[in-house]
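Trainee: Sequence first, predicted coordinates after that:
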Number of protein chains: 2
Amino acid sequence: MESSRKARLYGGLDAEERRTERRLKLIDAAIEVYGEVGYRSATVKAICEAAELTERYFYESFANSEALLIAAYTHVVDHLYADMTAAAAAAGDDADARLRAALTLYFTRLKEHPKPARVFLLEISGISPAVEAVTLDAGRVFSEILVPPTFDPRRSGKGPATLLAVGMIGAVISIARRWVSRQYPEPVAEVAATAASFCRVALGAADHPSHAVPG
Amino acid sequence: MESSRKARLYGGLDAEERRTERRLKLIDAAIEVYGEVGYRSATVKAICEAAELTERYFYESFANSEALLIAAYTHVVDHLYADMTAAAAAAGDDADARLRAALTLYFTRLKEHPKPARVFLLEISGISPAVEAVTLDAGRVFSEILVPPTFDPRRSGKGPATLLAVGMIGAVISIARRWVSRQYPEPVAEVAATAASFCRVALGAADHPSHAVPG
DNA sequence: CCGTTTTGACAATCTATATTGTCAGATAAC
DNA sequence: GTTATCTGACAATATAGATTGTCAAAACGG
């Protein structure tokens, strides 16, 4: 009975699959357009043109512009965080080594993919409370990647104290923001090392200033 | 001749003085309204009503809404920074003591005056490139108050390395942002101390130039 | 008091884009 | 080939608030 209810195929895809494909094309187009002209000046029309779709398909997948921005942001963040987590895992058990691995991957990605980076860092600010909520949550996840909850046994199951986590993420994001908006003036190793020095405050290693910058 | 050219007095003030007064009333009203409904939903009309003035006077003093936002922000920042500088100066010569004094004043003010705090921290984000430029510059000044340029004699006339300054301000502002938006859950001493721990990364690095990467 | 300047209330205009709606032509199923 | 479904281009509508303009009443100077 399922198959009999399936919609007519177009281009070998059923209705559901076509819808999903269009949604993805819109997200990719949005990242592209946001990266070029910014979210604020990105019109629905322009995004649809970049996606080679018309407005009707925009509203098929998204209630409004903001919904697409959130989808695009989430898309970027999900990939980035998954890779950071993998990089951290590959770096072994030492908390500081994992931190450096995750940050190096982070900044490397930002440089390799400037447009998603702009979406992630610059365009997302100050849009609406709904968007703020999404980025806030992403920040929490970010901090847990950099300083995992299990690190300090005294705080069973919790990451660094909230204010420390907030400060840490604020420092890292601010550094990244500036680095991206100025078009990557410093080498990845330097920004990663500087960011790491702020993260160590939260790790509790702030009192060991003997960390050299990796060449 | 000068006095003969003076405009007719109203309420004991000449044209110029009345203009200045209206401008100030608009700035105060804007802080009030932004603090209540946010910059985005603050209409020109609403601000004018709060200032007990009509739209014509809005455009007498400001080219557009953004100009008023910038003026309001600058107004808030100027006062805050002046007081922080004074507090730091009163704390003597020790860099860390000055840092703590400035931060304590900073967070105390944010709590005492929630509406300007919202303008300063929350409403100002993501408005336009022009506004970003203003906040960026304010950040630079902020960092110089916390970690004065003269602190490290080896970097003549410069504050902490740029990326460190950016990270430091990012951490402090992020902490403040969260603290304000959650309505001051922690005591001033705690937020100030946490913020200070991030600032010491920049202070400490100035002490240990082995962190510096040759540019 | 008279004429001028200034003010306050409010109407008129303007602009830009999101969002919805229409229709002819294209594509698939049978 | 015929019919139902889907698609693309584009027109029509809706909105919302900024910005400009008008006018009569109020405040001042002499």
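Mentor: Right, received. Where do you want to start?

Trainee: domains of chain A?
Mentor: Structural domains assigned to chain A are A:1-62, A:65-215, following automatic domain parsing.

Trainee: possible to save those as a markdown table with mean neighbour count?
Mentor: The C-beta positions use only the backbone N, C-alpha and C, and glycine is treated the same way. As requested, these are exported to a markdown table (neighbours: other CB atoms under 10 Å in any protein chain shown):
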| stretch | mean neighbour count |
| --- | --- |
| domain A:1-62 | 15 |
| domain A:65-215 | 19 |
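
Trainee: following whichever strand or helix holds residue A:35, which helix or strand comes up?
Mentor: Using DSSP states H and E, residue A:35 maps to helix A:15-37. For helix A:15-37, the succeeding helix or strand toward the C-terminus, using DSSP H and E, is helix A:44-51.

Trainee: Now do the residue nearest to the spatial centre of chain A against DNA strand D, distance only.
Mentor: For chain A, the residue nearest the mean C-alpha position is residue A:77 (2.6 Å; CA atoms, centre = their mean). Separation of residue A:77 from DNA strand D (CB to the nearest atom of the strand, to the nearest Å) stands at 29 Å.

Trainee: Now the helix or strand encompassing residue A:173: average pLDDT?
Mentor: Assigned by DSSP H and E, residue A:173 belongs to helix A:162-181. For helix A:162-181, mean pLDDT is 97.

Trainee: Tell me the helix or strand right after that helix.
Mentor: helix A:188-203.

Trainee: What helices and strands are in contact with that following helix?
Mentor: helix A:95-112, helix A:129-146, helix A:162-181, helix B:162-181, helix B:188-207 (3 or more CB pairs under 8 Å, 6 or more residues apart in numbering or on different chains; DSSP states H and E).

Trainee: Make JSON lines out of those and add distance to DNA strand D.
Mentor: Formatted as JSON lines, the helices and strands packed on helix A:188-203 follow (distance: least, CB to the nearest atom of the strand, whole Å):
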{"stretch": "helix A:95-112", "distance to DNA strand D": "31"}
{"stretch": "helix A:129-146", "distance to DNA strand D": "16"}
{"stretch": "helix A:162-181", "distance to DNA strand D": "26"}
{"stretch": "helix B:162-181", "distance to DNA strand D": "23"}
{"stretch": "helix B:188-207", "distance to DNA strand D": "34"}
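
Trainee: out of these, which comes closest to DNA strand C?
Mentor: helix A:129-146 (13.0 Å; CB to the nearest atom of the strand).

Trainee: In TSV: the domains of chain A, plus distance to residue B:22.
Mentor: Below are the domains of chain A laid out as TSV (distance: least, CB to CB, whole Å):
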stretch	distance to residue B:22
domain A:1-62	31
domain A:65-215	28
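
Trainee: mind checking which of these is nearest residue B:51?
Mentor: domain A:65-215 (24.3 Å; CB to CB).

Trainee: That closest one near DNA strand C at all?
Mentor: Yes: Domain A:65-215 is in contact with DNA strand C by CB under 7 Å from any atom of the strand, via residue A:65.

Trainee: What distance do you get for the nearest residue to residue A:25 once chain neighbours are set aside to residue A:131?
Mentor: In this structure, residue A:25 finds its nearest non-sequential neighbour in residue A:51, 4.4 Å apart by CB to CB, 6 or more residues apart in numbering or on different chains. Remark: distance between residue A:51 and residue A:131 (CB to CB, to the nearest Å) = 21 Å.
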